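# I would like to see how this sequence folds:
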Amino acid sequence: MLENLLSKIENDGSAELFFLLAGSLLLYAAQRLYAYCKRAISRMRLKRAIKAYTARKEGINVLDIANGDPEYTKENIFLREASNLGRPKGLFISFPEKQLEELRKREAEAGYSGIQRAQFRPDESFNGTSDFSELAEITGIEDLVERINKNKVAVANDFISKSSGFHFNGEKYGIFDFRQTRFGEDEEPGVEINLFRTDYFTHRVFRSIYRDLKAEGHEISKVRYWDDDFLKYRPFLTSFGINAVLICEGIKGREIVLSKRSTKVSGENSLYHVTMNEGLSQTDKDAFGRVDLELCFKRGLLEELGIDDDLYHLALRTAFYDFFLDKRNLEIGLSAVFEIDVNFTTEIEPLTGRDKNYESAGFQTIPLHTKQIARFVSAHDFVPHGLYVLERVLMRNGISIARLGTPAVGAMEND
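Below you'll find the model as predicted:
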């Protein structure tokens, strides 16, 4: 009896040990398989995310220049006019004489006089002379003078016919020099920017030349990283502006506001864009004659949205984020946000602004949630660099770029 009992215990123990070992091995194998599958899925998602991000970067065609961490304070952005022996540096291309005669004739027929007539400057290069050959030396583009003379005629014809969204000629600023720096013990990010004076006609001429060079495969259009060497192309950097997204308080929480650009500005295509897009002007100066970026910001909000000083001072947040290069037109921009605790539809949209109806064909509010924004972005065409700015603002609000679908970007070539 006792021997049988001990034998049974021995046999049953071996079986239990076998099943215990077998179960442990199966559990280990299952865990390894689960871990492998998890890593494989993660790799697949990462590859898709990288592929989507690469496609977005190629579609948006924007190059980062400098990024705030997480933002730039107004005090750490220094804007100055570059000078030549005490005289502000300027770059101006004169309006061709033949086309100017035609323009003056049309203005006279329309009854325009004095300041109602378009104003243009004589030829002026960075060195203060009318000789543009120094620009060919700076850029290394040997036939640049010939290109200027050719393209200014075509752009002048556009101005006369008011085509391609070209309706006026105002003075503006270009970027002569751009330097990144750090301030204080906390190493807060900052930039120092030297500006040159120019006008919209000159800007359009150089943009036209840039498109020709890009079509020819010139290296100017192939820049992949921003460095000081790229500043040799400073004659082409005739534009600098603020691109801001407005965040308001909606019925169901915070909302972003997007504008739909008017065809008067964008030409044939009406694309979605940031809420406010304003170029730095020679009027954006404080009482001491210093260039003031915040004045440009406030002017853009007033002219394009009707937000005056009273509303501006109610802001929950104003911030400047990222400097970038729009490679489609070789223009430098700065992303920004303006957040205010008011309802856009009832409090801001009814306001009047000088350029509100001219530059915008309407506005769209979207709840500040990933799914709603992703659906809207996937279903609509955007100004390429406007989509870049939107992503940068969303990133600071906890919405990842990777979560948004492949962008639908339009070729807005006329703004």
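# mind listing the helices for the stretch 251-400 of the chain?
263-266, 293-305, 309-312, 356-359, 370-379, 384-395 (DSSP state H, counting those that start in this stretch).
# quick one: pLDDT of Leu26?
You'll see Leu26 listed with a pLDDT of 80.
# now do Val409
57.
# Same check on the one 5 residues further on?
pLDDT for Asn414: 39.
# do Leu2 as well
Reported pLDDT for Leu2: 49.
# cool, Ala52 as well?
Model confidence at Ala52 (pLDDT) stands at 57.
# One more: Asn67?
So Asn67 comes in at 92 (pLDDT).
# Find the nearest non-adjacent residue to it, please.
Among residues not flanking Asn67 along the chain, Asp322 sits closest, at 4.9 Å (Cβ to Cβ, 6 or more residues apart in numbering). Where you see a C-beta, it was placed from the backbone N, CA and C, and this is true even at glycine.
# Could you pull up the residues touching the one you found?
64-68, 334-335, 389, 392 (Cβ atoms under 8 Å, 6 or more residues apart in numbering).
# Mind picking the two most distant members of those residues?
Ala66 and Val389 (14.5 Å; Cβ to Cβ).
# Settle it for me: which of those two has more neighbours?
Neighbour comparison, Ala66 and Val389: the larger count goes to Val389, with 29 against 18 (by other Cβ atoms under 10 Å).
# State the phi and psi torsions of Glu187.
In terms of degrees, to the nearest 10, the main-chain angles of Glu187 are phi 50, psi 50.
# Can you tell me how far it is from Ile115?
Relative to Ile115, Glu187 is positioned 48 Å away (Cβ to Cβ, to the nearest Å).
# for this structure, what helix or strand is lowest in average pLDDT?
Least confident element among the helices and strands of the chain, by mean pLDDT, DSSP states H and E: helix 263-266 (a mean of 64).
# can you map out the strands along the chain?
According to DSSP state E, the chain carries its strands in the segments 62-72, 77-81, 83-84, 87-88, 171-183, 188-199, 240-250, 253-261, 272-273, 276-279, 315-326, 331-340, 360-367.
# looking at the ones you listed, which is buried most?
For the strands of the chain, average neighbour numbers computed from mean count of other Cβ atoms under 10 Å are highest in strand 272-273, which has a mean of 26.
# For it, name the packing helices and strands.
Judged by 3 or more Cβ pairs under 8 Å, 6 or more residues apart in numbering; DSSP states H and E, strand 272-273 is in contact with strand 253-261.
# could you dump the helices of the stretch 251-400 of the chain to CSV with distance to Lys89?
Converted to CSV, the helices of the stretch 251-400 of the chain look like this (distance: least, Cβ to Cβ, whole Å):
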stretch, distance to Lys89
helix 263-266, 29
helix 293-305, 19
helix 309-312, 32
helix 356-359, 29
helix 370-379, 40
helix 384-395, 26
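# which one of the ones you listed lies closest to Gly253?
Here helix 370-379 is closest among the helices of the stretch 251-400 of the chain (Cβ to Cβ), at 10.9 Å.
# Let me know the angle separating the closest one from strand 360-367.
150 degrees (axes from the mean of the first three to the mean of the last three Cα atoms, to 10 degrees).
# for helix 370-379, packing partners?
With 3+ Cβ pairs under 8 Å, 6+ apart as the test, helix 370-379 has strand 360-367, helix 384-395 packed against it.
# Contacts for the shortest one, please.
Around strand 360-367, the neighbours that count as contacts under Cβ under 8 Å, 6+ apart are 248, 250, 252-263, 270, 272, 275, 304, 344-345, 349, 372-373, 376.
# just to revisit the earlier point, ok, Glu187 and Ile115, which is more surrounded?
Glu187 (10 against 7).
# Check the gap between the more buried one and Asn67 for me.
For Glu187, the distance to Asn67 - Cβ to Cβ - is 14 Å.
# re the thing from before, of the helices of the stretch 251-400 of the chain, which stretch is the most buried?
helix 384-395 (a mean of 25).
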